[in-house]
Every structure is written in structure tokens, then in C-alpha cells.
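Participant: Here is the input, now give the coordinates:
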Amino acid sequence: MTNNPIRAEVLLPTGELRNDLPFYTKVLGMRMDTIFPADDPTTATFSGHGLNIRIQKGAPVQPGVLRILTDDVAGFADGQTELFAPNGTKVEIAPLTPVAETPAVAHEFQVRRLRDEAPWIIGRAGMHYRDLISSRLGGAIIASHIRIPDGGPVPDMVHYHTVGFQLIFCYRGWVDLLYEDQGEMMRLHAGCCVTQPPGIRHRVVYASPDIEVIEVGVPAEHVTTIDHEMELPNGPANPDREWDGQKFVHHVKDKAVWQPFRIPGFKARDTGINAGTKGVAGIQVAQFERGETAKTVHDADIHFTFVMEGGMTLRADGQAPSTLEAGDAFVIPPGLATQYTECSDDLELLEVALRGDFGSEVVT
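Facilitator: I've put the predicted structure just below:
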């Protein structure tokens, strides 16, 4: 079989080709490759910025939209971000490297129950997603309950996310993962978690049949980019590496140290994520021990909790009591006094807070 070169191009129309030549070459900085016929040109081809264009007089197509991506938006086309070529083509100038821009948090008290049958949506790599914060607090955060019904090999590719923070907490089963600069494949068991620092390359490899994870990402909408060049694993582990100031954190349940929780009557195991992210986020697993709980308030910008086991009643000032069980989730805004009551002996909670060094106090 012969390897013949192949090139794709975009066809654009024009009413008068000579009007378009200086725009595409001087304003957009593209190279003219061909022009014909010589006596009265009607067609020209251009290349540049990873794009091939054919402009043809009277071509029966729409003018279209071109997007040129650069990390020097201010220095391209005199800083203009929207231009129109003489042939009518709209040209948008946008950043090449995605940036995680987190909207201001729209604070609210919200309870999400599993029994209310929030829909499961089929998302990336065939995984099923259930939204745990319906409003996403104005776009500031997404929390998803994710499952892979049959388990087995996951059709995933090496990729990374443009995020401010991301957590993967294994809720049920186990999953095999590969991470950039973290050595060989790791198995994440139920009760364990990892952070995915901004830009770290990774891939989901294999999952147990009963796999369920809780994934938290900030902001809610973020770009996932496929890395077609990197292969994982990519060498020995480098535990000191940082991505945007954050280290990769792998919390192992069996190695955890339990300590008193911020709410009396509970104990908690800290995941080390507050330290690993330098205060960006704090993740704790809390278990009910005994006795009376207390009413508390916190000053975290985002405070999300997922009920992993057991049940309880959530009481919040000005709100009707909410009876919660495993699979339910809730968000508490800063300054709202709440109390966890009627806690079952097996109650276990996953608490996610941004920032991780937030304050919490008992109130009367």
C-alpha cells in the first residue's frame, strides 16, 4: 500500500478574491500557497496556524467561522478578538491554552436524595453520571456519582483536565488507574481517594463490576484534553512534583489515622489533601461514634457532604428537617447553623470543603 500524502482544507466563498489577499496574509499572517488562473485569479489557497484554506470566487458555500487560538491574544491582529474578512468569514481569536475560571459561588442550602431518582447520564468513556449538586452553585463546582455497570476494561485515553481542583473517591469496588509521574498502575479501593492536580495526565484502565466513585471538580465546566503523545506509565514516581502548586495525593484508607472531627460525637480520618493542595481543598471521612452531636457553623466557600453509609437527620436553621440515607448528598452554605441528629451507628460521611483550611465552630 502506497503512503500518499493527504491534506484537508476548508472551502470559503468570495465575491472578489483580490480584496481577500491582504487580509489573510497580512492581518491573519497566513501564507498564500497557490493562486489561479494567472490572468484573472478566482481561487487561492492559504496555510498557517495548522489550517489550510481555499478561497474560491462564487463557491456555493457559507462564509463560515474560523477560530485562531494563541496564548498571545493581545499581540495577534492588533489585539482584536473578532474580525470579519472581506469575503464575510468571521474570525475569532481565542486563548490556545484553556484556563480554569471558577465563577463566584452561588451559595445555597441543597439536599439531593438518591431515592428521588436523579437521572443517570451516559458520559465520557461509557461511564454513568448522576449529578449530586443540581445547581452546581452557579457553575463553581460539579459533584458526580459515577458508576460503570459491568466493570472490566475502560475505553479511556490518556487525558488531562483544566481544573482548579479535582477529587476521585472510590465509593464501591475498585478501579485501576495510571497517573503521570506516579510509577506503575495503582488500584484504588473503596474508601480510598486521589486528587487529580490541574493538567496531570491520567487514564482509567480497568474497573471491578460494582465500581462506584464520587468525583468532585472545580469549576463545574472544565475542558478535558486528550494527550495523543504521552504513554502511561511514563517512568519512576516523582512524589515531589507539583502541578499549579498541587501535589498528587493518594489516600489509602488502611493507613489512615483517626482523630476527633469538627463535630462532637464523630471521629474523622484526614486524607492529606489539604496539605497536598496547600489549602485549596480539604477532604475528610467522618464516622459517628456516640453521644449528642452539636449545632455548628462553618465559613467554607463550598461545603459538600455525601452520605456513604447509614442514615441521619439533617437540621438547618430555617429549613425543614431532611432524613438522609446512603447515596444522599447535601450542600451547606457558610454561616448556616446545622446539626446532624438521629445518627445511625454505621453513619459515615464524605466531607469536601473549599478551602481546606476553613473554620468551623459549635454554636448554641
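
Participant: Past the longest helix seen in the chain, which element shows up next along the chain?
Facilitator: Counting by DSSP state H, the longest helix found in the chain is helix 17-22. Note on helix 17-22: by DSSP states H and E, the next helix or strand toward the C-terminus is strand 31-36.

Participant: Output the contacting helices and strands for that following strand.
Facilitator: strand 43-48 (3 or more C-beta pairs under 8 Å, 6 or more residues apart in numbering; DSSP states H and E). C-beta: built from backbone N, CA, C; applies to glycine.

Participant: Neighbouring strands - and their directions - for the strand it packs on?
Facilitator: When pairing is defined by DSSP bridges, strand 43-48 lines up against strand 31-36 (antiparallel), strand 51-57 (antiparallel).

Participant: Tabulate those strands in a markdown table, adding columns for mean pLDDT, distance to residue 261 and mean neighbour count.
Facilitator: As requested, those are exported to a markdown table (pLDDT from 0 to 100; distance: least, C-beta to C-beta, whole Å; neighbours: other C-beta atoms under 10 Å):
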| stretch | mean pLDDT | distance to residue 261 | mean neighbour count |
| --- | --- | --- | --- |
| strand 31-36 | 97 | 64 | 13 |
| strand 51-57 | 98 | 56 | 18 |
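
Participant: Columns distance to residue 143 on top of the ones you listed, output as a markdown table?
Facilitator: Formatted as a markdown table, those follow (distance: least, C-beta to C-beta, whole Å):
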| stretch | distance to residue 143 |
| --- | --- |
| strand 31-36 | 48 |
| strand 51-57 | 38 |
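
Participant: what's the closest of those strands to residue 306?
Facilitator: Counting by C-beta to C-beta, residue 306 lies closest to strand 51-57 out of the strands paired with strand 43-48; the figure is 45.2 Å.

Participant: which residues are in contact with the closest one?
Facilitator: Contact with strand 51-57 is made by 7-17, 20, 24, 30, 42-47, 66, 68, 87, as judged by C-beta atoms under 8 Å, 6 or more residues apart in numbering.

Participant: go on, stretch 193-201?
Facilitator: For stretch 193-201, contacts defined as C-beta under 8 Å, 6+ apart pick out 100, 158-170, 177, 179-181, 188, 202, 227, 230, 232, 234, 242-244, 246-251, 271, 273, 276-277, 281, 283.

Participant: rewinding a little: buried residues, the longest helix of the chain. List them.
Facilitator: 17, 20, 21 (16 or more other C-beta atoms under 10 Å).

Participant: And for stretch 178-189?
Facilitator: Buried positions in stretch 178-189, judged by neighbour count with 16+ other C-beta under 10 Å: 178, 179, 180, 181, 182, 186, 188.

Participant: doesn't residue 176 make contact with residue 185?
Facilitator: Yes - the criterion here is C-beta atoms under 8 Å, and residue 185 meets it with residue 176 at 5.4 Å.

Participant: So for those two, which residues contact both of them?
Facilitator: Joint contacts of residue 185 and residue 176 (C-beta under 8 Å, 6+ apart) are residue 205.

Participant: okay, now the domains of this protein?
Facilitator: With domains defined by automatic domain parsing, the chain comprises 10-94, 118-248, 255-362.

Participant: Pop out the phi and psi values for residue 78.
Facilitator: Main-chain torsions, residue 78, degrees, to the nearest 10: phi 60, psi 30.

Participant: burial of it, as a residue count?
Facilitator: The criterion is other C-beta atoms under 10 Å. On that basis, residue 78 has 8 neighbouring residues.

Participant: close enough to count as contact, residue 204 and residue 156?
Facilitator: Yes - the pair residue 204 / residue 156 is scored as a contact, 4.3 Å apart, by C-beta under 8 Å.

Participant: Look at those two and report which has more neighbours.
Facilitator: Using other C-beta under 10 Å, the more surrounded residue of residue 204 and residue 156 is residue 204, with 23 against 19.

Participant: gap between the more buried one and residue 10?
Facilitator: Distance from residue 204 to residue 10, counting by C-beta to C-beta, to the nearest Å: 35 Å.

Participant: Doesn't residue 214 lie inside a helix?
Facilitator: No - per DSSP: H, G, I helix; E, B strand; the rest coil, residue 214 lies outside any helix segment and is strand.

Participant: who's it bridged to?
Facilitator: Beta-bridge partners of residue 214, as defined by DSSP bridges: residue 145, residue 169.

Participant: coming back round to it: would you list the buried entries among the contacts of strand 51-57?
Facilitator: Judged by 16+ other C-beta under 10 Å, buried ones among these: 12-14, 17, 20, 24, 30, 43-46, 66, 68, 87.

Participant: Make TSV from those and add pLDDT and distance to residue 300 to it.
Facilitator: Putting the buried ones among the contacts of strand 51-57 into TSV (pLDDT from 0 to 100; distance: C-beta to C-beta, whole Å) gives the following:
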residue	pLDDT	distance to residue 300
12	98	51
13	98	55
14	98	57
17	97	60
20	97	55
24	98	52
30	98	50
43	98	61
44	98	59
45	98	56
46	98	53
66	97	44
68	97	40
87	97	53
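
Participant: among the domains of the chain, which gets the worst mean confidence?
Facilitator: Lowest mean pLDDT of the domains of the chain: domain 118-248, a mean of 94.

Participant: one step back: tell me which of the buried ones among the contacts of strand 51-57 is nearest to residue 314?
Facilitator: Closest to residue 314, out of all of the buried ones among the contacts of strand 51-57 and judged by C-beta to C-beta, is residue 68, at 50.5 Å.

Participant: Quick one: residues contacting that closest one.
Facilitator: 28, 49, 51, 76, 91, 92, 93, 94.

Participant: Turn those residues into JSON lines, columns for distance to residue 135.
Facilitator: Conversion of the contacts of residue 68 to JSON lines gives the following (distance: C-beta to C-beta, whole Å):
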{"residue": "28", "distance to residue 135": "41"}
{"residue": "49", "distance to residue 135": "39"}
{"residue": "51", "distance to residue 135": "39"}
{"residue": "76", "distance to residue 135": "37"}
{"residue": "91", "distance to residue 135": "36"}
{"residue": "92", "distance to residue 135": "30"}
{"residue": "93", "distance to residue 135": "33"}
{"residue": "94", "distance to residue 135": "28"}
